[in-house]
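> Structure for the following, please:
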Amino acid sequence: MDLILPFKVGDAVEIRSYNVGYRGAWFRCKITDMCIRSGHMECQVEYIDYPDERRKWNRLYKIPPKCRNQKATQNREIMLRPPFPQWCWENDIREHGPQMDVVAVVSSPWKVGDLIDWWYTDCFWTGKIIELLGDDKVKIICPEIPLGEGGCWVAHPKDLRPALDWSLEKGWSAPLSQENGKCWHTARLIAGNQGITIHSFPGQSLAVSCPCE
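Residues are numbered from 1 along each chain as shown. Here you go, the predicted model:
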C-alpha cells in the first residue's frame, strides 16, 4: 500500500544533501513547487538560510551513495522531512508550558557517544561526540565519505541538537547511541501535551511551530 506524502507546496521542511561538500547535511527549506518529472516525484525548494541559492528540482527519493551499485528499490531514502521537533533538557520539563505535537527530551549534559546535529555553515551536520574538551567545547566526528564529509571538528554545545531519524511509516524516532559497550538514546520523544520549557538551538526561533507527526 502506497503511503501518502505529508508534504505540500508552502510547507517548511528540511532537505538532505549528498552533493560534494555538503554530504550528509540537512538544510531548512520551504517547498515552492511539486510535480512528477520523468516518473519521479520531485520538488523545488527555497533555502531559508541560503536565500541566493538557485531553485532547482530535487527528487524526493534517492539511493544513498553507498548503495549506488545495488538495484533494490527498498534502498531508496526520502530526502525530505518535516521541521525538526523542538527539544529541551530533562531538567527543563515544567508543569506548565507550550503545547507541541512531539518534543525531544535530552539528559543533561552532552556526553561522549551522543549522536547530534551540529549547526555549522548555516546547515545541520549529523555527527557523534567523541571527546569533551575544556572551555565548554566538544569534539565531534562526522560520517565518512560518501555518506558524509568526514573529519573531526570542535563545536560549541550551544550549536548542537539531538540527532533524530524520520520516516513516512514511523514518523520521528531517536537513533541508538553506542560507546564502550553501552547503548542509549540521546533523546527520548514525548507527546507535546506535557508542560515543557523549550531549548532554543541555532537556526530555529522559539515561535516556530512543528507539525511533527
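> Other residues contacting stretch 170-178?
Here stretch 170-178 makes contact (Cβ atoms under 8 Å, 6 or more residues apart in numbering) with 85, 102, 104, 113-115, 128, 162-167, 183-189, 212-213. Glycine gets a C-beta too; all of them are placed from N, C-alpha and C.
> Narrow those residues to just the buried residues.
Among these, those buried by neighbour count (16 or more other Cβ atoms under 10 Å) are 85, 102, 104, 113-115, 128, 162-164, 166, 185-187, 189, 212.
> I'd assumed residue 43 was in contact with residue 80.
Yes - between residue 80 and residue 43 there is a contact under Cβ atoms under 8 Å: 7.0 Å.
> Ends of stretch 168-182, what's the gap?
With Cα to Cα, to the nearest Å as the measure, stretch 168-182 spans 29 Å from end to end.
> tell me the mean pLDDT over it?
For stretch 168-182, mean pLDDT rounds to 92.
> Please identify the buried residues of that stretch?
Under the neighbour-count criterion of 16+ other Cβ under 10 Å, stretch 168-182 has 171-172, 174, 177 buried.
> Which of those sits closest to residue 108?
For those, the closest approach to residue 108 (Cβ to Cβ) belongs to residue 177, at 15.0 Å.
> tell me the mean pLDDT over stretch 149-160?
Across stretch 149-160, the average pLDDT comes to 96.
> got it, and stretch 51-59?
For stretch 51-59, mean pLDDT rounds to 92.
> and what of stretch 65-72?
When pLDDT is averaged over stretch 65-72, the result is 60.
> cool, stretch 102-109 as well?
89.
> distance between that stretch and the chain's centre?
Computed by Cα atoms, centre = their mean, to the nearest Å, the chain-centroid distance of stretch 102-109 equals 15 Å.
> cool, and stretch 32-45?
The answer for stretch 32-45 is 22 Å, by Cα atoms, centre = their mean.
> average pLDDT across it?
Stretch 32-45 comes out with an average pLDDT of 93.
> Tell me the buried residues in that stretch?
For stretch 32-45, the neighbour count (16+ other Cβ under 10 Å) marks 34, 42-45 as buried.
> And residue 157, its phi and psi?
Phi and psi for residue 157, reported as degrees, to the nearest 10, are phi -50, psi -30.
> Quick check: the gap between it and residue 16.
Computed as Cβ to Cβ, to the nearest Å, the residue 157 to residue 16 distance reads 24 Å.
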